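In: take a look and give me a structure for this.
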Amino acid sequence: MSITLNRGYLAAAAVIIATAVWMLLGSAAEPAADTAIPQETSRLARVQVEDLIPVQHVRSIKLSGKLAANRTVTIKSELRARVDAIHAHKGQRVRRGQLLLELDRRDWPARVQQAQANLRQRQLEQHSVTQLKKQGLANESLLAQADTALANAQAELTAAQLQVDAAAVHAPFDGVINNRMVELGAFVKDGDPLLELVDFAPYLVTAQVAENDVSLLSPGMPGQARLLSGHVVSGTIRFVSSLANAATRTFTVELELANPEHQPIPAGQSAQLIVPLGERQAYHISPALLVLDAAGKMGLKVVNQDNRVEFVSVDLEGADQNGVWVYGPESIRLITQGAGFVQPGQQVEAVIRVTTSQPTGE
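Out: Alright, predicted model coming up:
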């Protein structure tokens with residue numbers, strides 16, 4: 001019996017057979033695979049560095065302070081009396097010795113006259129006893145009694161005169177009347193406040209300096225005050241406290257500023273106290289480049305001549321809007337990119353960054 005095959009099936013079978021033969025021939029021709037795995041060559045960590053050279057920088061201490069008057073005095077009454085006259089008002093500038101206020105003298109002028117008459121009498125008595133003593137008609141006891149009576153009369157006159165003088169209140173120094181506590185006709189007692197007098201010539205900027213910096217300051221050093229208006233005034237350090245504040249461990253410092261025209265100043269207003277400390281070599285860098293070592297000391301990561309990472313400690317000199325000033329070695333190759341991925345002692349591949357601006361950091 002004969003079987004008739006479809007031509008399509010024959011074509012498909014031929015294709016399959018040809019493919020199998022090609023694969024067998026290809027496998028026989030392919031060489032054996034190498035079982036050895038090639039090792040990758042290790043590479044050093046790459047960091048960007050910049051060669052820095054220090055520049056002259058004016059060192060200074062900058063403190064937050066406030067304006068203050070040179071002195072403030074509350075003038076008080078020295079006797080019990082009524083306010084008879086007022087000659088000075090709030091905000092008025094006065095001179096030393098100027099009459100500010102008058103109190104009722106009451107009977108004190110009469111007491112002064114009485115004390116004066118009593119003094120004259122005691123002087124005559126003492127003179128007479130002295131003459132009698134010279135003539136041998138009076139003893140030492142009588143002379144001592146006369147001397148005592150004369151001294152008592154002098155003390156009574158002095159006390160009465162002080163009460164009369166206290167009725168007229170004068171300015172103890174040049175200044176401005178900042179406040180008046182009494183009105184015309186008011187009755188005051190001993191110790192009652194009458195006027196507050198403020199001296200603004202000179203005036204002060206007071207601030208607190210940290211214990212680490214207090215040894216750098218001393219009276220007589222020049223300083224400056226930057227006011228809220230932006231105006232900068234030059235002055236002199238006149239006082240540095242020797243005793244620290246128990247709560248803050250800071251020391252009080254006062255900068256004295258001249259005010260020959262006795263112009264009132266806004267006491268209590270904020271001001272910056274600046275004390276220059278001379279010049280020294282420093283670097284101006286981004287604060288992002290500062291790091292701390294295991295001991296918590298501040299410094300920078302640099303690369304040495306052998307391209308190994310080193311930690312160098314620096315001192316913070318100050319800061320401005322563009323970065324910070326630090327003092328350290330004479331020259332450094334600073335890591336500006338990649339410092340966070342390398343450690344001291346590690347060898348790296350250093351790529352030098354050429355720029356004239358300050359390092360920007362990571």
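
In: for stretch 92-110, list every residue counted as buried.
Out: Within stretch 92-110, the residues that count as buried by 16 or more other Cβ atoms under 10 Å are 93-94, 100-105, 108. Every C-beta, even on glycine, is put in place using the N, C-alpha and C of the backbone.

In: measure residue 76 to residue 90 for me?
Out: To residue 90, residue 76 is 17 Å away according to Cβ to Cβ, to the nearest Å.

In: the more surrounded of the two?
Out: More crowded of residue 76 and residue 90, by other Cβ atoms under 10 Å: residue 76, with 15 against 11.

In: residues in contact with the helix or strand hosting residue 50?
Out: Secondary-structure element containing residue 50, defined by DSSP states H and E: strand 45-52. Around strand 45-52, the neighbours that count as contacts under Cβ atoms under 8 Å, 6 or more residues apart in numbering are 283, 285, 302-303, 309, 331-339, 341-342, 346, 348-353, 355, 359.

In: how does it look with 7 Å?
Out: By Cβ atoms under 7 Å, 6 or more residues apart in numbering, the residues outside strand 45-52 that reach it are 283, 303, 331-339, 341-342, 346, 348-353, 355, 359.

In: could you do stretch 330-341 as well?
Out: For stretch 330-341, the surrounding residues in contact (Cβ under 7 Å, 6+ apart) are 45-54, 289, 291, 300-303, 312, 353, 359-362.

In: quick check: end-to-end length of that stretch?
Out: Its start and end residues considered, stretch 330-341 measures 26 Å (Cα to Cα, to the nearest Å).

In: show the contacting residues for the spatially most central residue of the chain.
Out: Centrality entry for the chain: nearest residue to the mean C-alpha point is residue 63, 2.2 Å, by Cα atoms, centre = their mean. By Cβ under 7 Å, 6+ apart, residue 63 lies in contact with 207-209, 273.

In: tell me how far it lies from residue 254.
Out: 11 Å.

In: for the protein, just list every one of the helices.
Out: 7-29, 108-134, 140-166 (DSSP state H).

In: longest strand of this structure, counting residues only.
Out: The residue-count maximum for a strand in the chain (DSSP state E) belongs to strand 55-76.

In: spit out the contact partners of the closest residue to residue 342 other than its chain neighbours.
Out: Nearest-residue entry for residue 342: residue 309, 4.9 Å, with adjacent residues in sequence omitted and distances by Cβ to Cβ, 6 or more residues apart in numbering. Applying Cβ under 7 Å, 6+ apart to residue 309 gives the contacts 301, 303, 342-346, 348.

In: and if we set it to 10 Å?
Out: Contact analysis of residue 309 by Cβ atoms under 10 Å, 6 or more residues apart in numbering lists 45, 47, 301-303, 335, 338-339, 342-348, 350.

In: what does residue 184 give?
Out: Listed by Cβ under 10 Å, 6+ apart, the contact set of residue 184 reads 82-86, 101.

In: where does the prediction get shaky in this structure?
Out: 1-42, 354-362 (pLDDT under 70).

In: circling back: mind putting the contacts of residue 63 in JSON lines, distance to residue 130 and neighbour count included?
Out: Listed next are those as JSON lines, based on distance: Cβ to Cβ, whole Å; neighbours: other Cβ atoms under 10 Å:
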{"residue": "207", "distance to residue 130": "65", "neighbour count": "23"}
{"residue": "208", "distance to residue 130": "65", "neighbour count": "18"}
{"residue": "209", "distance to residue 130": "66", "neighbour count": "22"}
{"residue": "273", "distance to residue 130": "66", "neighbour count": "25"}
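
In: and these, which is closest to residue 227?
Out: residue 273 (10.9 Å; Cβ to Cβ).

In: please tell me how far that closest one sits from residue 325.
Out: Distance, residue 273 to residue 325, using Cβ to Cβ: 19 Å.

In: cool, residue 136 as well?
Out: Residue 136 is 92 Å from residue 325, by Cβ to Cβ.

In: higher neighbour count, the two?
Out: Comparing residue 136 with residue 325 by other Cβ under 10 Å, the one with more neighbours is residue 325, at 21 against 7.

In: so how far is residue 49 from the more buried one?
Out: From residue 325 over to residue 49 (counting by Cβ to Cβ), the distance is 20 Å.

In: repeat for residue 119
Out: Distance from residue 119 to residue 49, by Cβ to Cβ: 94 Å.

In: between those two, which one's more packed in?
Out: More crowded of residue 119 and residue 49, by other Cβ under 10 Å: residue 49, with 23 against 19.

In: tell me what that one is bridged to.
Out: Assessed by DSSP bridges, residue 49 has beta-bridge partners residue 335, residue 352.
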